[in-house]
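Enquirer: I would like the atomic coordinates for the input below:
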Amino acid sequence: MRAPWIIAAALGSLTLLVTPAHAGLPTTSALRETPPAFDDDEGGNADADDPAIWVDRAHPERSRVLGTLKNGGLAVFDLHGRQVQHFATPPAPTPDAEAGRFNNVDVVTGARIGRRVLDLALVSDRGRDRIRAYAIDARGTLADVTTANPPRAFSATETEVDEQRTAYGLAVVPDPAGGAPWVVTSRRHDTRLGVFRLADDGTGRITYRRADTVDLPASFRVDGRDWSPCAEPGEGPQVEGMVYDPVGGALYAAQEDVGVWRIPLRGGEFGTPSLVDRVREYGRPAAYDEATEECAFTGPPSPAAGRYLTADAEGLTIATGKRGERLLLASSQGDSTFVTYDITRGFRRTGGFEVTGTSTVDGVQHSDGAAVTTTPLGRDFPHGLLVLHDGENTPNGGRESTDFKFVRWDQVPTSTR
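Expert: Prediction:
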């Protein structure tokens with residue numbers, strides 16, 4: 001989600017000199033892209049957001065990329081970027097209710113659900129406050145296996161669902177003991193995260209139950225005063241981008257206007273969160289202008305702010321190297337760059353990059369979701385694949401367009417290989 005920010009040229013006697021935060025960063029480019037999604041009536045109000053990768057172990061070159069399109073549903077692509085399947089969102093249950101709106105997606109392989117072992121794609125339906133499940137067969141074909149009446153993730157009633165403080169970000173947590181996996185979802189306009197255990201509903205379809213919740217802070221003590229991120233009244237500092245590190249037993253969660261959290265998570269129970277990096281805007285005074293529906297800074301940056309992420313902090317994904325090293329990649333949406341951190345031992349920034357355009361594929365701007373695999377996927381992606389949401393796809397014919405970009409992992413600066 002792009003934050004409602006404007007930067008005033010002058011604040012009293014304070015003059016702001018704005019320089020590109022990404023000056024001097026190395027660059028890479030995408031090899032392929034998916035068809036454009038258009039956020040208008042003609043385009044089905046499709047708005048690309050979050051990708052996931054399913055790896056075909058028998059035929060890696062036949063692997064699939066999944067992508068949420070919000071009101072446009074869920075799309076499945078081959079490695080050439082061609083759409084091979086599509087699932088619509090659920091309709092509104094009543095004329096006055098919200099219809100489905102798919103926000104984030106993640107994939108788990110070899111999940112034991114009851115007596116079956118399945119590859120699954122899990123999707124957060126923020127429109128209906130539900131989690132939806134899709135089985136993936138050996139050929140990479142998806143089938144909807146969501147229980148007929150999935151429970152609400154956060155809302156107490158259907159009326160509360162329509163307030164849209166609903167399931168938002170999503171990450172899968174495999175069970176190291178080989179049991180049913182968990183799914184973490186964040187709550188829109190809120191700091192709450194919930195973890196849910198998947199189960200068979202008795203008919204062969206997938207349901208879930210909530211196992212635990214954790215609430216991240218909405219206010220922070222910064223420079224001797226209380227500070228909260230600027231937002232529209234009634235909205236809290238939400239989380240969207242999330243990824244689970246099974247080696248470290250921790251969830252990494254991007255609180256958009258705050259930074260990146262590391263949250264221990266084992267056996268379906270959250271531990272104590274720790275803030276491991278902060279956005280550049282952290283601690284900076286700002287005010288919301290109801291006339292413009294934008295936030296504007298009212299004071300200088302805080303010494304407590306981070307150096308690398310520009311709000312919103314968004315998509316997170318983890319790449320694993322040949323020697324077991326683990327690299328966390330984070331989308332710095334506010335300046336259209338990406339930051340990498342070594343999480344093998346501790347937490348250390350290793351670099352950053354941006355994705356620029358070529359004569360055939362444009363660059364990546366204002367990226368939300370990201371997904372990576374370091375598994376070789378055939379001739380075109382011999383060392384793995386990084387998939388990135390592009391929030392400003394071009395050319396667009398004057399329409400609002402988004403898509404997903406496919407980047408060779410061996411061409412990503414500071415990557416592990």
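Enquirer: what's around Glu163, how many residues?
Expert: Applying other Cβ atoms under 10 Å, we find 14 residues neighbouring Glu163. To be clear about C-beta, it is placed using only N, CA and C from the backbone, and glycine gets the same treatment.
Enquirer: Local confidence estimate at it?
Expert: Per-residue confidence (pLDDT) for Glu163: 96.
Enquirer: Tell me how far the nearest residue to it once chain neighbours are set aside lies from Glu232.
Expert: Nearest-residue entry for Glu163: Ser155, 7.6 Å, with adjacent residues in sequence omitted and distances by Cβ to Cβ, 6 or more residues apart in numbering. Distance of Ser155 to Glu232, computed by Cβ to Cβ, to the nearest Å: 20 Å.
Enquirer: quick one, which of the two is more surrounded?
Expert: Neighbour count, other Cβ under 10 Å: between Ser155 and Glu232, Ser155 has more, with 20 against 12.
Enquirer: Against Arg187, how distant is that one?
Expert: Per Cβ to Cβ, Ser155 is found 9 Å from Arg187.
Enquirer: Give me the common contacts of these two.
Expert: Common neighbours of Ser155 and Arg187 (criterion: Cβ atoms under 8 Å, 6 or more residues apart in numbering): Arg165, Thr166.
Enquirer: can you tell me which residues contact Asn265?
Expert: Not quite, residue 265 is Leu, not Asn. Leu265 neighbours (Cβ under 8 Å, 6+ apart): Val173, Val184, Val195, Tyr244, Gly249, Ala250, Leu251, Gly271.
Enquirer: Can you check the pLDDT for the first one?
Expert: The predicted local confidence for Val173 comes out at a pLDDT of 99.
Enquirer: For the closest residue to it other than its chain neighbours, grab the count of nearby residues.
Expert: Counting by Cβ to Cβ, 6+ apart, Val173 lies nearest to Trp182, which is 4.1 Å off, once chain neighbours are set aside. The number of residues packed near Trp182 is 24, by other Cβ under 10 Å.
Enquirer: Please apply the same query to Pro301.
Expert: 14.
Enquirer: pLDDT score for Leu216?
Expert: For Leu216, the predicted pLDDT is 99.
Enquirer: and the residue lying closest to it once chain neighbours are set aside, how far is that from Val258?
Expert: Nearest residue to Leu216 in three dimensions, chain neighbours excluded: Thr191, at 4.2 Å (Cβ to Cβ, 6+ apart). Separation of Thr191 from Val258 (Cβ to Cβ): 9 Å.
Enquirer: Mind listing the shared neighbours of these two?
Expert: Counting by Cβ under 8 Å, 6+ apart, the contacts common to Thr191 and Val258 are Leu216, Pro217, Pro237.
Enquirer: mind checking the SS state of the last one?
Expert: Okay, so that is Pro237. Going by DSSP: H, G, I helix; E, B strand; the rest coil, the secondary structure assigned to Pro237 is coil.
Enquirer: Could you tell me which residues make contact with the residue lying closest to it once chain neighbours are set aside?
Expert: Spatially, and ignoring its direct neighbours in sequence, Pro237 is nearest to Pro229 (4.5 Å; Cβ to Cβ, 6+ apart). The contact partners of Pro229, taken as Cβ under 8 Å, 6+ apart, are Pro237, Glu256, Asp257, Val258, Glu281, Ala286, Ala311.
Enquirer: mind running it again at 7 Å?
Expert: Contacts for Pro229 were tallied using Cβ atoms under 7 Å, 6 or more residues apart in numbering; they are Pro237, Asp257, Val258.
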